[in-house]
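Undergrad: give me coordinates for this.
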Amino acid sequence: MKIHEYQGKQIFQKYGVPTPKGYPAFSVDEAEAQAKKLIAETGSPVVVVKAQIHAGGRGKGGGVKVAKGGAAEARQLAEKIFGMQLVTHQTGPEGQKVRRLYVEQGLDMARELYLGAVVDRDRRRIAFMASTEGGVEIEKVAEESPEKILTVHVDPTVGLAAYQARKLAFGLGLEKHGKETVGKFVRLMGSLYELFVKEDCSLCEINPLVVLKNGDVVALDAKINFDDNADFRHVGGGGSASWNDLRDVDEEDPVELEAKQAGLNYVSLDGNVGCLVNGAGLAMATMDIIKHAGKDHGVAPANFLDVGGGATQEQVTKAFKMILSSPKVKAIFVNIFGGIMKCDVIASGVVAAAKELGLKVPLVVRLEGTNVELGRKILNESGLAISAASTMADGAEKIVKAVTQQGAVAK
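TA: Residues are numbered from 1 along each chain as shown. All right, here's what the predicted structure looks like:
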């Protein structure tokens, strides 16, 4: 789960991570009012107007602007940014509409750095990464200058050690700003580690982390992703915000949101073959074999969809409807190995959804396992044009053929 920069900074402040003063705005008028409030509080006419979307690269896309002429200029910038379709390297060519702004005080910066924390699943530890190349895409730095990224791994039994934070501080050359700056960086890292663990983060990134001319270390940006598996621990109360209160549904894929509410595991992809599978491992294998079989034909999976082992007919129907709702889906591959999940339940759900919505694309089905004969009987008697597959490989070949034949007809 992702949240906005201003929400991330509110969490930063809760844990003592220094941030610039700023206020969110949900209209141009509110942005102007917040700019006036900031100028009065800070005594500086310089404010920054920032688009709030769940994507990086906002500055390059024109979503971050500095106003040096006071609240009037801030309003002019807000009018340009608010409501724009912001395109960045993370949004895709369609972009994302800006519905929220963040108005923040301008700071006198000496250096821009990078600091991030992620879960290293291979090492089973939280990894802190730091770089002198702040303000640019860290992926680009990793690709072009990997030696500029410093990494330390935190032992979960003892937590972040001060020497590890100092190692990164000296690696970034912070000692030249004075020992106070090194100390401030060490304290910031300690706060960030506490935040990461207590808030169940999967990613916590500050890009850029800035050193001011007075030696202060400040988080100029905030990117936080939560681990969805921990949502049961964050339902509100006890002074902490509910994750549902932080969620911005306008920034989420509506189909993925619908799937989550239905208790299904769904992720949208860029391909043209809808997949309905039970079990995450089988779903991944199904996506792989479609990609492999279709690599020379422009055929690829359009989604990851695991209906799980205990799905009801209603959930299966819902899943099939979600696949059919996508205009990019040119064919559907249902791949079921019935263990806990019964093949007849899947078959009944598929038939119900197909009859309700009308099956306009080829459907390939491979069923094995519990109640497989009953499942095949339901499909055979449905009157639907269904192509049966004996194996995964056979199913992948048939789904690729179905998509390519559609393309040939269209031409």
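Undergrad: pLDDT-wise, which helix or strand of this structure ranks last?
TA: Of all helical and strand segments in the chain, the minimum by mean pLDDT, DSSP states H and E falls on helix 254-261, at a mean of 77.
Undergrad: average model confidence for stretch 85-100?
TA: Per-residue pLDDT over stretch 85-100 has a mean of 89.
Undergrad: show residues contacting it.
TA: For stretch 85-100, contacts defined as C-beta atoms under 8 Å, 6 or more residues apart in numbering pick out 4, 6, 24-26, 51-58, 60-63, 81-84, 137, 248, 250-251. (Each C-beta comes from the backbone N, C-alpha and C, glycine too.)
Undergrad: narrow these to those in helices?
TA: 6, 81 (DSSP state H).
Undergrad: which of the contacts of stretch 85-100 are buried, as a PyMOL select command?
TA: Buried residues among the contacts of stretch 85-100 (16 or more other C-beta atoms under 10 Å), as a PyMOL selection:
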select buried, resi 4+6+24+25+51+52+53+54+55+56+57+58+61+63+81+82+84+137+251
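Undergrad: I'd assumed Val364 was in contact with Thr391.
TA: No. Taking contacts as C-beta atoms under 8 Å, Thr391 lies outside contact range of Val364: 11.6 Å.
Undergrad: between the two, who's got more neighbours?
TA: Val364 (23 against 12; other C-beta atoms under 10 Å).
Undergrad: just grab the bridge partners of the more buried one for me.
TA: Phe333, Ser387 (DSSP bridges).
Undergrad: what is the neighbour count of Gly135?
TA: Residues near Gly135, counting by other C-beta under 10 Å: 16.
Undergrad: so where do the helices sit in this protein?
TA: Under DSSP H, the chain gives helices at 5-14, 28-42, 71-81, 138-144, 162-171, 179-198, 243-246, 254-261, 280-293, 313-324, 343-357, 372-380, 392-410.
Undergrad: may I have the longest one as PDB, with CA atoms only?
TA: Taking Å, rounded to 0.1, in the frame of the first residue of the first chain, the C-alpha atoms of helix 179-198 are listed here in PDB:
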ATOM      1  CA  LYS A 179      30.300  16.500  13.900                       C
ATOM      2  CA  GLU A 180      26.900  17.900  14.800                       C
ATOM      3  CA  THR A 181      25.700  17.000  11.300                       C
ATOM      4  CA  VAL A 182      27.000  13.500  11.600                       C
ATOM      5  CA  GLY A 183      25.100  13.200  14.900                       C
ATOM      6  CA  LYS A 184      21.900  14.500  13.400                       C
ATOM      7  CA  PHE A 185      22.200  12.000  10.600                       C
ATOM      8  CA  VAL A 186      22.700   9.100  13.100                       C
ATOM      9  CA  ARG A 187      19.600  10.200  15.000                       C
ATOM     10  CA  LEU A 188      17.600  10.500  11.900                       C
ATOM     11  CA  MET A 189      18.500   7.000  10.800                       C
ATOM     12  CA  GLY A 190      17.600   5.600  14.200                       C
ATOM     13  CA  SER A 191      14.100   7.300  14.000                       C
ATOM     14  CA  LEU A 192      13.700   5.900  10.400                       C
ATOM     15  CA  TYR A 193      14.500   2.400  11.600                       C
ATOM     16  CA  GLU A 194      12.000   2.700  14.400                       C
ATOM     17  CA  LEU A 195       9.300   4.000  12.000                       C
ATOM     18  CA  PHE A 196      10.100   1.200   9.500                       C
ATOM     19  CA  VAL A 197       9.600  -1.600  12.000                       C
ATOM     20  CA  LYS A 198       6.600  -0.200  14.000                       C
END
